[in-house]
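**Student:** No letters, just coordinates:
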Ligand SMILES: Cc1ncc(COP(=O)(O)O)c(C=O)c1O
């Protein structure tokens, strides 16, 4: 075999897949580990979703509804937009991919921040487009530099609000000014994967921006069922945007991109207000407790509007990550993101948070960090 691999593909670093929990436990000789590394919902999935999925298992011999009619209808009602202003994806990841596929060509430019969610830049690389990467400023998206980077080749700007991995957010007024300064040929993609965890008064009213889009840049909001709704494994997310953009994205999607169980599960989860509210409440309580206790250990945790946060452990984060693994606590080192002394941890259940804190406290002492 003599493959002629295109340069843009050759240059891509694959997304670090992570090992299954069982394998990791075998490798490190541990049992009963806890995973606080992927910002999943530690309280499980909505019980209504689990029930609905169970009841529809008998329909798996059929292809899914390619229009995802009932889920789209429910999202339209929930978000206050028209059904034609919604596109569903196999995770919100897939909607990111649709946007890049539909709007990026060889010399198109896409603006992203660093550090932020890694997938934006990867999809642009696959498409052979040009990534213009702007460093965060004080852990926030640097809106002025992003604006200064926009030119006639700019097709998309990705802003995750709140940002992963910093957990920081942008005030709605700042975003409105930014949106009003962008030229009309650009699409601003607001990745709101963690918006559910944000205080309500900090939300940008994207649906009304979509409704009153005349004279403005394109605006897209990406949302997911993977976090607050606890359905990461099902892979379902959606985008809200003008119908004109949705029409382009439908042209690049596979007909059955959201599977039947995902459609049924997400529909039920959307109606499970109790589970959703409990998740937000317990997340807030857990975050508050953890922040206080971590400060007591002599480390600096950073305020976050999500279900995860950064901690400056004042020492090598990779080493701490490995030591924590031996204690069965899986977190994420931020050294690959340019923060060699920071770890990122997802808020867990009360039991998990206590276990994390004890492991952190022991590791900090063992490594002489504080
Ligand atoms: C900022 C951000 N956007 C998008 C995603 C992808 O979410 P989904 O599971 O819907 O593909 C993630 C996942 O962690 C994320 O952190």
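**Tutor:** Great, that's in hand. Here the structure is a predicted model, which means the values were calculated and not measured.

**Student:** Okay, helices next: where are they in the stretch 201-350 of the chain?
**Tutor:** 206-211, 243-252, 260-270, 273-296, 317-326, 350-366 (DSSP state H, counting those that start in this stretch).

**Student:** Now do the fifth one: everything it contacts.
**Tutor:** This points to helix 317-326. 24, 28, 30, 33, 313, 330-335, 339-343, 359-360, 363-364, 366-367, 369 (Cβ atoms under 8 Å, 6 or more residues apart in numbering). The way it works is simple: take the backbone N, C-alpha and C, and place the C-beta from them, glycine included.

**Student:** What residues does the protein have near the ligand?
**Tutor:** 39, 91-93, 117, 160, 164, 191, 193, 224, 226, 232, 237 (Cβ under 6 Å from any ligand atom).

**Student:** Now with 8 Å, please.
**Tutor:** 38-39, 89-94, 96, 116-117, 119, 160, 163-164, 191, 193-194, 222, 224-227, 232, 235-237 (Cβ under 8 Å from any ligand atom).

**Student:** Can you tell me how far residue 45 is from the ligand?
**Tutor:** Residue 45 sits 13 Å away from the ligand, going by Cβ to the nearest ligand atom, to the nearest Å.

**Student:** Identify the residues contacting that residue.
**Tutor:** Contacts of residue 45 (Cβ under 8 Å, 6+ apart): 229, 230, 231, 265, 269.

**Student:** and the residue nearest to residue 360 when sequence neighbours are not counted, how far is that from the ligand?
**Tutor:** Nearest-residue entry for residue 360: residue 297, 6.6 Å, with adjacent residues in sequence omitted and distances by Cβ to Cβ, 6 or more residues apart in numbering. Separation of residue 297 from the ligand (Cβ to the nearest ligand atom): 26 Å.

**Student:** ok, now residue 359?
**Tutor:** 23 Å.

**Student:** what sits against that residue?
**Tutor:** 324, 327, 328, 329.

**Student:** got it, and residue 285?
**Tutor:** Listed by Cβ under 8 Å, 6+ apart, residue 285 has no contact partners.

**Student:** And for residue 130?
**Tutor:** So residue 130 contacts 107, 108, 109, 110, 124, 153 (Cβ under 8 Å, 6+ apart).

**Student:** Tell me the one of the residues you listed nearest residue 212?
**Tutor:** Among the contacts of residue 130, residue 110 lies closest to residue 212 (Cβ to Cβ), at 25.3 Å.

**Student:** Can you name every helix or strand that the helix or strand containing the closest one contacts?
**Tutor:** Counting by DSSP states H and E, the secondary-structure element that holds residue 110 is strand 109-114. Where contact means 3 or more Cβ pairs under 8 Å, 6 or more residues apart in numbering; DSSP states H and E, strand 109-114 is packed against helix 119-127, strand 130-135, helix 143-149, strand 154-160.

**Student:** For the ligand, what's the nearest residue on the stretch 1-150 of the chain?
**Tutor:** Per Cβ to the nearest ligand atom, residue 91 is where the stretch 1-150 of the chain lies closest to the ligand, at 2.7 Å.

**Student:** neighbours around that residue, how many?
**Tutor:** Around residue 91 there are 25 other residues, counting by other Cβ atoms under 10 Å.

**Student:** from memory it sits against residue 222, does it?
**Tutor:** No: applying Cβ atoms under 8 Å, one finds residue 91 not in contact with residue 222, separated by 10.0 Å.

**Student:** so what sits against both of those two?
**Tutor:** residue 237.

**Student:** Pull the number of nearby residues for residue 247.
**Tutor:** Neighbours of residue 247 (other Cβ under 10 Å): 12.

**Student:** Can you give me the separation between it and residue 6?
**Tutor:** Going from residue 247 to residue 6 by Cβ to Cβ, to the nearest Å gives 29 Å.

**Student:** ditto for residue 60
**Tutor:** 37 Å.

**Student:** So which residue is dead centre in the chain?
**Tutor:** residue 193 (4.4 Å; Cα atoms, centre = their mean).

**Student:** how about the nearest residue to that residue, chain neighbours excluded?
**Tutor:** The nearest residue in space to residue 193 (Cβ to Cβ, 6+ apart) is residue 224, at 4.8 Å.

**Student:** May I have the beta-bridge partners of the one you found?
**Tutor:** Counting by DSSP bridges, residue 224 forms beta bridges with residue 237.

**Student:** Let me see the contact set for residue 362.
**Tutor:** Residue 362 neighbours (Cβ under 8 Å, 6+ apart): residue 327.

**Student:** How many neighbouring residues does the residue nearest to residue 232 when sequence neighbours are not counted have?
**Tutor:** Once flanking residues are discounted, residue 232 sits nearest to residue 226: 4.1 Å by Cβ to Cβ, 6+ apart. Residue 226 has 22 neighbouring residues, counting by other Cβ under 10 Å.

**Student:** Repeat that for residue 212.
**Tutor:** Neighbour number of residue 212 under other Cβ under 10 Å is 10.

**Student:** try the one 5 residues further on
**Tutor:** With neighbours defined by other Cβ under 10 Å, the count for residue 217 comes to 20.

**Student:** thinking again about what came up before, now the buried members of the contacts of residue 130.
**Tutor:** 108, 109, 110, 124 (16 or more other Cβ atoms under 10 Å).

**Student:** Hmm, residue 131 and the last one touching each other?
**Tutor:** Same thing as residue 124. Yes: Residue 124 lies in contact with residue 131 (Cβ under 8 Å); the separation is 5.1 Å.

**Student:** shared neighbours, those two?
**Tutor:** 110, 112.

**Student:** Can you spell out the domain ranges of this protein, please?
**Tutor:** 14-45+274-366, 47-270 (automatic domain parsing).

**Student:** Please produce JSON lines containing those, extended by distance to residue 2 and mean pLDDT.
**Tutor:** Shown next, in JSON lines, are the domains of the chain (distance: least, Cβ to Cβ, whole Å; pLDDT from 0 to 100):
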{"stretch": "domain 14-45+274-366", "distance to residue 2": "22", "mean pLDDT": "94"}
{"stretch": "domain 47-270", "distance to residue 2": "22", "mean pLDDT": "97"}
